[in-house]
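> what follows is a predicted protein model with its sequence.
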Amino acid sequence: MKAALLFSLILADGIFAAELPVSLVGSGPELKYLKTERGDQVCDFSHAGFGGGGVAFPTSNNKKSVGAVTGDASDAIQSAINQVAAMPLVDGVRGVVELSAGTYNCSKTLAIKTSGIILKGTGSAAGGTMIKLTGKPHIAIEIAHEVATADGKESKKKAREAAANEGKSKGSSKPIKITDDYVPSGTCVINIQSASSLKAGDTIEITREATKEWIHFMGMDNLMDGGKLETWMKEDRSISYVRKIKSIKGNEITIEVPLTDCIDAKFSNKSGVTVTKVEPQKKITKCGMENFRIDAPNPVGDWRDAQNIGVIINNAEDIWMKNVGMKNTFPDLQVGEDSSRVTIESLKTEHPGEIKQSERSNGYASYVRLLGTQVLMNKCSMSGDNAFYVSTANTTSQLNVVLNSTFSGDGSIQPHMTWSTGLLLDNCKFNQGAIIIRNRGKAGSGHGWTMGWSVVWNCSAKSITVEQPPGATNWCVGSSGKYEVEDKGKSTWLFMKGSTVAPSSLYVAQLTARLGDKGRE
């Protein structure tokens, strides 16, 4: 089922190979896609980021300022956040908490639980605004939808349980079967038994099960470690894609954001693959973090021990971080599985206090964990060794982009476990690091295949590993480094090895094709 994207197609159309990266023809508004024999194509990654890509961050003239604080500044900053939280929404934003230049010692987590709050300093460099983590290891900043517990108290356990229950999609219609024998990756078009109960603008959940047959097809049912069967991909685990309907024609629905995986009916169970109209999840929205730095002391112990954490984003949509620095936080950032449309711009993280590999596990620390969907990391810089610079870890990690970013040290960007889909690494540079997209097999108690339908575009690294899962493709285009996996006679996934291609950025080209000149801004 590998992509039938042969160079004969290039020559037939009179286009030079260097001008035909992967399955694309042309650039800008003329961007077109060739497809595999079953209709799969490179995903339109331009939907990643705040507002669904290409949307400017909002601002506000409503401000609450915090100046120099003697001692612990946690309560003073939290009080300012709470005061802004009580302000009315104006175009989705309440106001800005402004932190003056200086150092703010914080022993507690700064919690943003209400939409429309911007936390802003004077800069992330020396002489700017620094949030210095003190006391026991804790999260510096948490952005999460606020939920009420039955007794009015918000213990950590109850808050997590309430958030999980409230964050779940609630079906408002009966599941409708998809009638397509095969739904290709990258498509926006799906045929269903009846669309009479649906309309444009509805939020739907497309659901399939990780059936015994599919897990066997993927070779993830026989992962043995020390004579014990190990697998993270459990049978009948639901794999879902939440999308909005753009238009309906008969029983054919077109969704706004493409699917990042293919759906093959021959691997479905008796219930089939279904579409269900759901109520949009309650999420915190339009919150931002700008122009400050988070510093933590050197880590103590190994990566499995409690460590200071930079930023956690949960139950959230349309969130941004711009010009934020971090030092010695593990992880620097985690975007939760129920979060989407997040932009991380000009994040600079340093890890001079290297964290030890654990004797309790063979794994490594992750600096950024992308568990949600439509996350854009742009112009970021990370330094450190023995770590995953960026990792994914579940099926909800879909359509994420790392663009124009630099990584220093011997770490890697590496999808970690449980079959994520649709990752674009675009114009990223690794000093001594690696790009690793592979079958992890029995590693980590049976991680198996980690990623499908990803694209490595005009990147450079010390080493590059891009493996091909059953029934899917991971493309590597115009990228240089030592290739640990050659094409083994199949050239459809590897294009212009060691030479850059046009357009120089896939994400920018796709954004321009979708939004016009606005996409170049």
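Right, received. Where do you want to start? Numbering: from 1, shown residues only.
> any weak-confidence spans in the chain?
Low-confidence segments of the chain, defined by pLDDT under 70: 1-31, 147-172, 356-363, 486-491, 518-521.
> let me know the outermost residue of it.
Relative to the centre of the chain, the most outlying C-alpha is that of Thr70, 38.2 Å out, by Cα atoms, centre = their mean.
> that residue in helix, strand or coil?
Using DSSP: H, G, I helix; E, B strand; the rest coil, the structure places Thr70 in coil.
> residue contacts, Ala265?
Applying Cβ atoms under 8 Å, 6 or more residues apart in numbering to Ala265 gives the contacts 178, 180-182, 272-273. Bear in mind the C-beta positions are built from the backbone N, C-alpha and C, glycine included.
> actually Gly478, not the one I typed
21, 457-458, 495-496, 499-501.
> please apply the same query to Asp410.
By Cβ under 8 Å, 6+ apart, the contact list for Asp410 reads 385-386, 432-434, 462.
> now for these: which two are most distant?
Across these, the longest distance by Cβ to Cβ is 14.6 Å; it joins Asn386 and Lys462.
> re the thing from before, most neighbours out of the contacts of Gly478, which is it?
Using other Cβ atoms under 10 Å as the neighbour criterion, Trp457 leads the contacts of Gly478 with 30 neighbours.
> quick one: Ala73 and Tyr104 touch, right?
Yes. The criterion here is Cβ atoms under 8 Å, and Ala73 meets it with Tyr104 at 3.9 Å.
> between the two, which contacts overlap?
Counting by Cβ under 8 Å, 6+ apart, the residues touching both Ala73 and Tyr104 are Val66.
> circling back: among the contacts of Ala265, which are in strands?
The strands, defined by DSSP state E, take in Tyr182 from the contacts of Ala265.
> closest to Asp202 among the contacts of Ala265?
Distance to Asp202 across those (Cβ to Cβ) is lowest for Ile178, with 15.6 Å.
> what's across from the closest one in the sheet?
Beta-bridge pairing for Ile178 (DSSP bridges): Ile192.
> Ala195 versus that one, what's the distance?
Distance from Ile178 to Ala195, counting by Cβ to Cβ, to the nearest Å: 11 Å.
> more neighbours: which of these two?
For Ile178 versus Ala195, the count of surrounding residues by other Cβ under 10 Å is larger for Ile178: 22 against 19.
> need the contact list for Pro280.
Applying Cβ under 8 Å, 6+ apart, we find Pro280 in contact with Thr203.
> now do the one 4 residues further on
Ile284 makes contact with 112-115, 143-146, 315-317, 319 under the criterion Cβ under 8 Å, 6+ apart.
> equivalent analysis for Phe330, please.
By Cβ under 8 Å, 6+ apart, Phe330 lies in contact with 299, 303, 307-309, 351, 355, 365, 367.
> Ile81: which of those is nearest?
Proximity of the contacts of Phe330 to Ile81 was ranked by Cβ to Cβ; the top entry is Ile309 with 18.0 Å.
> can you tell me how far the closest one sits from Gly67?
Ile309 sits 26 Å away from Gly67, going by Cβ to Cβ.
> which one's more surrounded, those two?
Using other Cβ under 10 Å as the criterion, Ile309 and Gly67 rank with Ile309 on top: 23 against 11.
> and the residue lying closest to that one once chain neighbours are set aside, how many neighbours?
Distances taken as Cβ to Cβ, 6 or more residues apart in numbering put Ile139 closest to Ile309, at 4.5 Å, once the chain neighbours are dropped. Here the count is done by other Cβ under 10 Å, and Ile139 has 17 residues near it.
> quick check: Ile139 touching Ser107?
No. Assessed by Cβ under 8 Å, Ile139 is found out of contact with Ser107, at 11.8 Å.
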